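Asker: can't give you the sequence, but here's the structure:
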């Protein structure tokens, strides 16, 4: 058993965050929706995909994200497209249970953001759930980066990292509760 510090999503934020981002490309066909999203994004200094389907559809559109964060599930089921690991220079693992952002995940994000300076394409494999990790990524990525995430049954959302986006993400994170969780997991 191991005790970890974590931030816990407050219930009152759950519905707000489930709506996704302000910028959304709606669509039923994942590959076509991602193609439209990538066209809208244009130039991004770094491209980050959060979610298995988002990562998969970017690669299918011949764009390998600089950082890809997956948990092996789509819509909370294990039915998920295969991610081609060989497309990435670095693969790291972290533990992050649903509704939380663990210190372990935050440390992993710090490590991976530093690796961006070396232009390494990195795959983060999360044991647990990856959705909330978009928030700390937005606060740590370089200006001009783009974070892309799936919005179930709607399409694809994206955030361009700038001072305003960072402040919004930090404001949301400030509403999370600091907790200690116990795990038998090791990363």
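Answerer: Right, received. Where do you want to start? Nothing here was measured: the structure is a model prediction, and the numbers come from that model.
Asker: From now on I want contacts and neighbour counts done on CA atoms only, so please keep to that.
Answerer: Will do.
Asker: which residues are contacting stretch 46-65?
Answerer: By C-alpha atoms under 8 Å, 6 or more residues apart in numbering, the list of residues contacting stretch 46-65 from outside reads 30-31, 34-35, 66-74, 80-84, 87, 121, 130-131, 133-134, 142, 144-150, 156.
Asker: The residue positioned nearest the centre of the chain and residue 68, how far apart?
Answerer: Residue closest to the average C-alpha location in the chain (C-alpha atoms, centre = their mean): residue 50, at 2.9 Å. To residue 68, residue 50 is 6 Å away according to C-alpha to C-alpha, to the nearest Å.
Asker: Name the residues of stretch 52-70 that are buried.
Answerer: 52-60, 64-70 (16 or more other C-alpha atoms under 10 Å).
Asker: Oh, that last question was meant for stretch 159-178, not what I typed.
Answerer: Buried residues in stretch 159-178 (16+ other C-alpha under 10 Å): 159, 160, 161, 162, 165, 166, 169, 173, 176.
Asker: now do the same end-to-end measure for it.
Answerer: 25 Å.
Asker: ok, and what's touching it?
Answerer: Residues contacting stretch 159-178 (C-alpha under 8 Å, 6+ apart): 5-10, 21-23, 44, 135-136, 138-139, 141-148.
Asker: So for stretch 95-103, mean pLDDT?
Answerer: Stretch 95-103 shows a mean pLDDT of 94.
Asker: likewise stretch 120-127?
Answerer: pLDDT averaged over stretch 120-127 gives 95.
Asker: Could you give me the buried positions within it?
Answerer: Result for stretch 120-127 [16+ other C-alpha under 10 Å]: buried residues 120, 121, 122, 123, 124, 125, 126, 127.
Asker: Now a PyMOL select for only the buried ones of the contacts of stretch 46-65.
Answerer: In PyMOL syntax, the buried subset of those is picked out as below (16+ other C-alpha under 10 Å):
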select buried, resi 30+31+34+35+66+67+68+69+70+71+72+73+74+80+83+121+130+131+133+134+142+144+145+146+147+148+149+150+156
